[in-house]
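Student: Got a sequence here, can you build the structure:
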Amino acid sequence: MSKSLNNRVRRTESLSREQIVDTAIHLLDSGGEDGLTFRTLSERLATGPGAIYAYIANKHDLIAAACEAVISRTVEIKARDLSPEETVRTVALAMFDAMDTHPWIGPALTWSAGQLTMVRVLELIGQQIVALEVPIQARWATVSALLNYILGVGGQNAVNTKFAQKLGANREDLLASLSTAWSALPSDAYPFVRSIASEMRMHDDRADFLIGIDLILAGIKNNN
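Tutor: So this is what the prediction gives:
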């Protein structure tokens with residue numbers, strides 16, 4: 001048996017689902033969903049596609065497994081050690097940061113809403129809604145509002161990051177350009193937009209995201 005074949009056999013025997021998923025995450029981070037193919041994955045793992053299919057059925061399942069791995073590593077919350085409001089904030093920020101670091105997660109979580117990953121997040125946030133004494137008839141709408149906000153704003157932030165990367169620009173330059181454009185709008189038609197144009201140069205996306213969470217939490221408190 002040749003040396004290369006020996007290496008391939010040893011590599012296949014040592015292959016694990018965790019290795020496959022971790023490598024897929026790296027490929028998704030560097031090239032998005034288009035950068036993840038079973039051929040590229042096989043080459044990176046120095047194995048054949050058949051060895052991968054023994055663990056993962058298809059690309060859809062692979063991305064779902066990658067989401068599960070990232071979220072399970074980043075959203076580790078001991079709810080009993082925090083207040084319900086603090087737990088919601090912590091989970092929300094962990095999700096925001098995960099989507100910012102791994103921009104492909106936002107869209108993947110949206111189409112995999114029925115997967116166990118999102119069910120776990122739903123359960124964690126839902127428990128806090130119960131602890132906040134939201135009436136049972138309003139719990140689904142309340143949890144949906146929080147999850148839609150987290151996925152929507154976090155996902156859009158990730159899209160903005162990827163867009164800036166494609167343009168070869170940094171965030172500061174893009175915000176400065178946007179601020180300049182808003183400042184040049186007619187004052188009679190866009191008085192509010194012009195009034196906040198200067199803030200576009202220095203605003204913190206993560207802090208703004210948390211303000212939105214706090215507004216939702218305040219609404220929950222006021223409606224109980």
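
Student: center of this protein, which residue is that?
Tutor: M99 (2.5 Å; CA atoms, centre = their mean).

Student: Was I right to think that one contacts V159?
Tutor: No. Contact criterion CB atoms under 8 Å: M99 and V159 do not qualify, at 9.6 Å. Any C-beta I mention is one placed from the backbone N, CA and C, and that applies to glycine too.

Student: any shared contact partners between these two?
Tutor: G106 (CB atoms under 8 Å, 6 or more residues apart in numbering).

Student: tell me which residues in stretch 27-42 are buried?
Tutor: 27-29, 36, 38, 41-42 (16 or more other CB atoms under 10 Å).

Student: So which of the residues you listed are in helices?
Tutor: 27-29, 38, 41-42 (DSSP state H).

Student: So which of these is the closest to D204?
Tutor: Looking at those and their distance to D204, the nearest is D29, at 23.2 Å (CB to CB).

Student: How about the contacts made by that closest one?
Tutor: D29 touches 101-102, 104, counting by CB under 8 Å, 6+ apart.

Student: switch the cut-off to 6 Å
Tutor: D29 sits next to H102 when contact means CB atoms under 6 Å, 6 or more residues apart in numbering.

Student: same thing with L146?
Tutor: Residues in contact with L146 (CB under 6 Å, 6+ apart) are 125, 216.

Student: which element is it on?
Tutor: helix 136-167 (DSSP states H and E).

Student: Report the mean per-residue pLDDT for that helix.
Tutor: Averaged over helix 136-167, pLDDT sits at 86.

Student: Mind listing what's buried along it?
Tutor: Buried residues in helix 136-167 (16+ other CB under 10 Å): 142-143, 146-147, 149-151, 153-155, 157-158, 160-161, 164.

Student: Quick check: the two most widely separated of the residues you listed?
Tutor: Between any two of those (CB to CB), the greatest distance is 33.5 Å, for T142 and A164.
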